[in-house]
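Asks: From the sequence below, what's the structure:
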Amino acid sequence: MIISPDDQERVDAIEQALLARWPETRIAPSTERIAALVDILGSPQLTYPTIHVGGTNGKTTTSRMIDSLLFAHGLRTGRFTSPHLETYRERIAINGEPIDPKDLIFAYNDIASYLELMDTKFEHPISFFEAVTALAFVAFAEHPVDVGVIEVGMGGEWDATNVIDADVSVIMPIGFDHMEYLGNTLHEIAATKAGIIKEGGFIVLAQQEPEAAKELIRKAAEVGADIAREGIEYSVTSRAVAVGGQLITIQGMHDTYDEIFLPLHGKHQASNAASALVAVEAFFGDQPLDIEAVRAGFAAVTSPGRCEVIHRDPTVILDAAHNPHGAKALSETLKSEFNFDEIVAVVGVFADKDATGILQELEPIVDHVIVTQSTSSRAMSSTELEKIASSIFGSDRVFEISDLHTALDRAVTDAVRPLSDDSVGIIVTGSVVTVGESKTYLRKKFAK
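Replies: Modelled structure (predicted):
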């Protein structure tokens, strides 16, 4: 998309105004502010049906799959996801594409004065995430869309997105993340995430640890929600690695959908696809989906920054794994679906994340690790990360280069071995910001 300098300037100014608000990571757990805001805006989020996607890992990719399937079935779609990799316009997608700058500007102008009004009414001002959520709701109503696919930001019960009245709620695998807000046991975390389960709604439940599953099923029973569980009511019945992705068969609630090409790597992506398909089945009701639309929808799926191959020779893979569960999925995918003689990892994590757990999952498959840091104020210093990495990998396998761009240059230079037949893979991982900044830099580097 070509954006005029004037529009870009305005889009940037809106971003600065949003960023001047409470940061995304600072939470006052309550939907009171967002509820009052959408109320004064005329409840735009209730003007179209919605599918709500929560859990810990796989939320964004599953949201993108649901979006793609609905669009392939002829619906106008609005998709809200977070965080973003390169531009905040990615968070608000209409018909699968980041919102047009003019539409963004129009929607923001609609809500700006209401944001300021709400700031005066509560102890805490409207946060960045609450403002962007409201912006998405308004943009989708103004388009208008036939269906909104809404990803939970954090938790569930008190997340800003939970002012929607979802027709279908999807809960992806729950793991340990954001424990300072969600609790220290899977039971506590699941209880908060179960907050998106609505009375009389329909729940799609991806594979869960028993402790989490028990709590989610209890909540569904309490509010009389129907439930489809991965491995019981639906499943991936076959999966074969294919060039550029995998070929899968999904047993849905109403039919078996075969010969689906999914252009994403990893067993976990096949599971995500099954949950996405069943969410769309539930949304449409009792009839099976059109198999050609299902195949077209999945074939068109992209998942930026999720085991994304952005360059060949050397092969560079970006994966935004920022917790041990995500790092484990990345390790398993690299082991089973790629055939590198050597793997170099460029890793930058946030200070509040489980760096030890992430690195422990990567250690068996990574030969050398370059520790670095993104420009985010939340980034763990590369010095600190180097200490943790050395205790896991041994100091001879760890290099510290604090500047991310220099770290990427070093990895690419080291991976080019003209006199060797060895294939070297570079993975960039540890946080969404590390991956987003790397993608922007490497795109320019390889375009030269």
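Asks: What distance do you get for Pro347 to Lys439?
Replies: If you look again at residue 347, you'll see it is Val, not Pro. 15 Å (C-beta to C-beta, to the nearest Å). In short, each C-beta sits where N, CA and C put it, glycine included.
Asks: Neighbour count: these two, which is higher?
Replies: Using other C-beta atoms under 10 Å as the criterion, Val347 and Lys439 rank with Val347 on top: 29 against 20.
Asks: What is the neighbour count of Arg443?
Replies: Here the number of neighbours of Arg443 (other C-beta under 10 Å) works out to 12.
Asks: Which positions within the helix or strand where it lies qualify as buried?
Replies: Arg443 is part of helix 432-447, with elements assigned from DSSP states H and E. Across helix 432-447, burial judged by 16 or more other C-beta atoms under 10 Å covers Val432, Val433, Thr434, Val435, Gly436, Glu437, Ser438, Lys439, Leu442.
Asks: same check, this time on stretch 31-48
Replies: Thr31, Arg33, Ile34, Ala36, Leu37, Val38, Leu41, Pro44, Gln45, Tyr48.
Asks: Can you tell me which of those is nearest Lys328?
Replies: Of all these, Thr31 has the smallest distance to Lys328: 32.4 Å, by C-beta to C-beta.
Asks: Redo the buried residues of helix 432-447 as a markdown table? Include pLDDT.
Replies: Shown next, in a markdown table, are the buried residues of helix 432-447 (pLDDT from 0 to 100):
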| residue | pLDDT |
| --- | --- |
| Val432 | 94 |
| Val433 | 95 |
| Thr434 | 97 |
| Val435 | 97 |
| Gly436 | 96 |
| Glu437 | 97 |
| Ser438 | 98 |
| Lys439 | 97 |
| Leu442 | 97 |
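Asks: Can you give the domain ranges for this protein?
Replies: With domains defined by automatic domain parsing, the chain comprises 7-299, 308-447.
Asks: ok, Met172 - contacts?
Replies: Under the criterion of C-beta atoms under 8 Å, 6 or more residues apart in numbering, the neighbours of Met172 are Val53, Gly54, Gly55, Thr56, Asn57, Gly58, Lys59, Thr62, Ala206, Asn272, Ser275.
Asks: Got the confidence number for Ile27?
Replies: What the model reports for Ile27 is a pLDDT of 60.
Asks: what's the answer for Val347, then?
Replies: Confidence score, pLDDT, at Val347: 98.
Asks: where does it fall, phi/psi-wise?
Replies: Backbone geometry at Val347, expressed as degrees, to the nearest 10, gives phi -130, psi 130.
Asks: Hmm, it is touching His368, no?
Replies: No - when contacts are counted by C-beta atoms under 8 Å, Val347 is not listed as touching His368 (10.8 Å).
Asks: Could you report the separation of the residue nearest the centre of the chain from Asp414?
Replies: In the chain, the residue lying closest to the centroid (C-alpha atoms, centre = their mean) is Thr60, at 2.8 Å. Using C-beta to C-beta, we find Thr60 at a distance of 31 Å from Asp414.
Asks: And the pLDDT at the spatially closest residue to Ala300 that is not a sequence neighbour?
Replies: What sits nearest to Ala300 in space, not counting adjacent residues and going by C-beta to C-beta, 6 or more residues apart in numbering, is Ser68, at 5.2 Å. pLDDT recorded at Ser68 is 98.
Asks: any chance you could map the strands in the stretch 51-200 of the chain?
Replies: With DSSP state E, counting those that start in this stretch as the criterion, the stretch 51-200 of the chain has strands at 77-80, 92-94, 97-98, 147-151, 168-171.
Asks: ranking those strands by burial, who's on top?
Replies: strand 168-171 (a mean of 29; mean count of other C-beta atoms under 10 Å).
Asks: what's in contact with that strand?
Replies: 51-55, 62, 66, 193-194, 196-198, 201-206, 208, 216, 225, 275-276, 279, 282-283.
Asks: Try it again at 6 Å.
Replies: Strand 168-171 is touched from outside by 51-55, 196-197, 201-205, 216, 275, 279, 282-283, with contacts defined as C-beta atoms under 6 Å, 6 or more residues apart in numbering.
Asks: Would you mind measuring from Ala351 to Ser431?
Replies: Taken as C-beta to C-beta, the span from Ala351 to Ser431 is 10 Å.
Asks: And the closest residue to Gly54 other than its chain neighbours, how close does it get to Lys439?
Replies: Nearest residue to Gly54, sequence neighbours excluded (C-beta to C-beta, 6+ apart): Val152, at 4.0 Å. Val152 is 24 Å from Lys439, where distance means C-beta to C-beta.
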